[in-house]
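Colleague: Model the following, please.
(chains A and B, ligands or ions: 1)
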Amino acid sequence: MKVVGDCKAVVPCDGVVRLPRRGLTHRHHTLHHRSFSRSVRVKCQVLLLYCDLLVKMRLLTHNMLSSNIKGVVNGFPLRIEAEKVVEKTVEMNGEFLKKMFEKIDWKAFVDASRSMGYTELPEEADSSMLDSDEFLNRFHHALLELHLEEGALVCPETGRRFPVNKGIPNMLLHEDEV
Amino acid sequence: MKLKQLEGLLGGLQQFPQPKVELEQYPTGPHIASRMLFTADNTFGDVSNKVVADFGCGCGTLGVAAALLSAEHVLGIDMDPESLEIASLNAEELELDMDFIQCNILDLGWRGPTVDTVIMNPPFGTRKKGADLDFLSVALKVASQAVYSLHKTSTRDHVKRTALRDFNASSADVICELRFDVQKMYKFHKKKEVDIAVDLWRFVPASHQSSSI
Ligand SMILES: C[S@@+](CC[C@H](N)C(=O)[O-])C[C@H]1O[C@@H](n2cnc3c(N)ncnc32)[C@H](O)[C@@H]1O
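Modeller: Residues are numbered from 1 along each chain as shown, chains lettered A, B, ... in the order given. Take a look at the predicted model:
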């Protein structure tokens, strides 16, 4: 057992931190084994960590933001520097995914997922692919289950870094940037 | 989820331990917050399965309410890191998935028409004149479906005119008039209990956005 940072989670062999689904917050000081999914428990080494915060930014959010520094013409997409990525299972909503497919910028999304270490998305996609469960699963996973916990978002034009700490990107601009 | 249940859960949220007056930090009470989001969901279908942004989310009351009413993706934005930290704990405590961003609402860059609904209890502008309308201006650009907001009843005509004429809203309607308890807003408030009348608004943006701002 190893304590990493101030988080309570399991870290499996692949290094991706998977958060337990429920029941583990800063107020609960015991690890409830049942709250981890079986498969994760079997494959992984269980680490007991304490967590103040389990917030995170997901790729759907990333896809809607751009750098708004004064003078920047095309601030989208922000490049992702991932230091720590967390995975968390959420229920899939097929209708929602279909709607989102129309709205997101696919290329930026694929690049973002790669910088988060997920490489299962096709370079190009069209709406006919939404009929495939396999595609939907991957789309869902990349869009809503990958969380950037530590790292940065980087303005594509100026290289200015917006740090992401404990899952919250700090996009506050300096006075000379507005 | 039933209204009473929603109100009960919101009542259990942690709120600003040390409100920052310059940011006009006071929470929307559970009574108002639950009705605001319940109406948005039940009457107008603007919450469940939608992408919802909470502008000036503070400790997250409105965003949490949206997530409890099955919004598919909730994004809370505030300038103040301490509030965001509490908001994220509130979400975590209820096992809700929400994203947060620290930014000035007036400075954030957006791409495309992804956000359906913006919910907010903006600063009324007692510190910075017009702050609530500045928020509204941005909200009407970011939302593609609807904006729910609270504004002082005393400014009703001005809000309506500005939204329709300057912010390109296609409709601006007061859903109900509410009472905000100022004493609860700031615990250290010296005066006896004072209510201010506040309107709950629903604005519809003119056209579905297709460009970035
Ligand atoms: C009236 S409080 C509402 C808090 C919360 N939404 C609620 O309903 O309980 C206004 C919030 O807006 C935030 N705020 C004020 N000015 C802001 C700005 N320019 N950009 C982002 N957040 C701001 C404050 O920190 C505060 O949390």
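Colleague: How many residues are close by whichever residue of chain A sits closest to chain B?
Modeller: Here chain A gets closest to chain B at one residue, A:N68, 3.1 Å apart by CB to the nearest CB. In short, each C-beta sits where N, CA and C put it, glycine included. Residues contacting A:N68 under the criterion other CB atoms under 10 Å in any protein chain shown number 22.
Colleague: thinking it is in contact with B:R111, fair?
Modeller: No - judged on CB atoms under 8 Å, A:N68 makes no contact with B:R111 at a distance of 10.4 Å.
Colleague: By proximity to chain A, which residue of chain B wins?
Modeller: Closest point on chain B to chain A, by CB to the nearest CB, is B:G109, at 3.1 Å.
Colleague: Specify the beta-bridge partners of that residue.
Modeller: A:S66 (DSSP bridges).
Colleague: Now do the helix or strand encompassing B:D157: everything it contacts.
Modeller: Using DSSP states H and E, B:D157 falls within helix B:156-165. If you take CB atoms under 8 Å, 6 or more residues apart in numbering or on different chains as the criterion, helix B:156-165 is touched by B:D132, B:L133, B:L136, B:L140, B:H151, B:A169, B:S171, B:A172, B:V174, B:D199, B:W201, B:F203.
Colleague: Contact partners for the third one?
Modeller: Just to be clear, that refers to B:L136. B:P122, B:V147, B:S149, B:H151, B:V159, B:T162, B:A163, B:F167, B:F203.
Colleague: So for the helix or strand that contains B:A197, mean pLDDT?
Modeller: Element membership for B:A197 (DSSP H and E) is strand B:195-205. Mean pLDDT, computed over strand B:195-205, is 94.
Colleague: angle of it against helix B:156-165?
Modeller: Strand B:195-205 runs at 10 degrees relative to helix B:156-165, counting by axes from the mean of the first three to the mean of the last three CA atoms, to 10 degrees.
Colleague: Output strand B:195-205 as PDB, nothing but the C-alphas.
Modeller: Provided in PDB are the C-alpha atoms of strand B:195-205 (Å, rounded to 0.1, in the frame of the first residue of the first chain):
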ATOM      1  CA  ASP B 195     -36.300  41.600   2.300                       C
ATOM      2  CA  ILE B 196     -35.600  42.700  -1.200                       C
ATOM      3  CA  ALA B 197     -37.900  41.800  -4.000                       C
ATOM      4  CA  VAL B 198     -36.300  39.700  -6.700                       C
ATOM      5  CA  ASP B 199     -37.600  38.400 -10.000                       C
ATOM      6  CA  LEU B 200     -37.000  35.000 -11.400                       C
ATOM      7  CA  TRP B 201     -36.500  35.500 -15.200                       C
ATOM      8  CA  ARG B 202     -36.500  33.200 -18.100                       C
ATOM      9  CA  PHE B 203     -34.800  34.500 -21.200                       C
ATOM     10  CA  VAL B 204     -34.600  32.900 -24.600                       C
ATOM     11  CA  PRO B 205     -31.700  33.700 -26.800                       C
END
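Colleague: what about that strand and the ligand, any contact?
Modeller: No - contact of strand B:195-205 with the ligand (CB under 6 Å from any ligand atom) is absent, the minimum separation being 10.6 Å.
Colleague: where in chain A is pLDDT low?
Modeller: For chain A, the stretches with pLDDT under 70 are A:1-55.
Colleague: Look up the closest residue to B:G76, ignoring the ones flanking it.
Modeller: Nearest residue to B:G76 in three dimensions, chain neighbours excluded: B:C57, at 3.4 Å (CB to CB, 6 or more residues apart in numbering or on different chains).
Colleague: Around that neighbour, how many other residues sit close by?
Modeller: 29.
Colleague: ok, now A:L173?
Modeller: Using other CB under 10 Å, A:L173 has 19 other residues around it.
Colleague: Show the contacting residues for the residue nearest to it when sequence neighbours are not counted.
Modeller: Distances taken as CB to CB, 6+ apart place B:D107 nearest to A:L173, at 4.9 Å, with adjacent residues excluded. Applying CB under 8 Å, 6+ apart to B:D107 gives the contacts A:N68, A:M171, A:L172, A:L173, A:V178.
Colleague: at 6 Å what do you get?
Modeller: A:N68, A:L173, A:V178 (CB atoms under 6 Å, 6 or more residues apart in numbering or on different chains).
Colleague: Torsion angles phi and psi at it?
Modeller: Here is the backbone geometry of B:D107 (degrees, to the nearest 10): phi -110, psi 0.
Colleague: ditto for B:R127
Modeller: Torsion angles, degrees, to the nearest 10, at B:R127: phi -100, psi -50.
Colleague: Nearest spatial neighbour of residue 146, chain-adjacent residues omitted?
Modeller: Let's take chain A. Here the residue nearest A:L146, using CB to CB, 6+ apart, is A:M116, at 5.1 Å.
Colleague: wrong one, chain B
Modeller: B:D46 (4.6 Å).
Colleague: Need the three-state assignment for that neighbour.
Modeller: Following DSSP: H, G, I helix; E, B strand; the rest coil, B:D46 is assigned to coil.
Colleague: what's around it, how many residues?
Modeller: Neighbours of B:D46 (other CB under 10 Å): 26.
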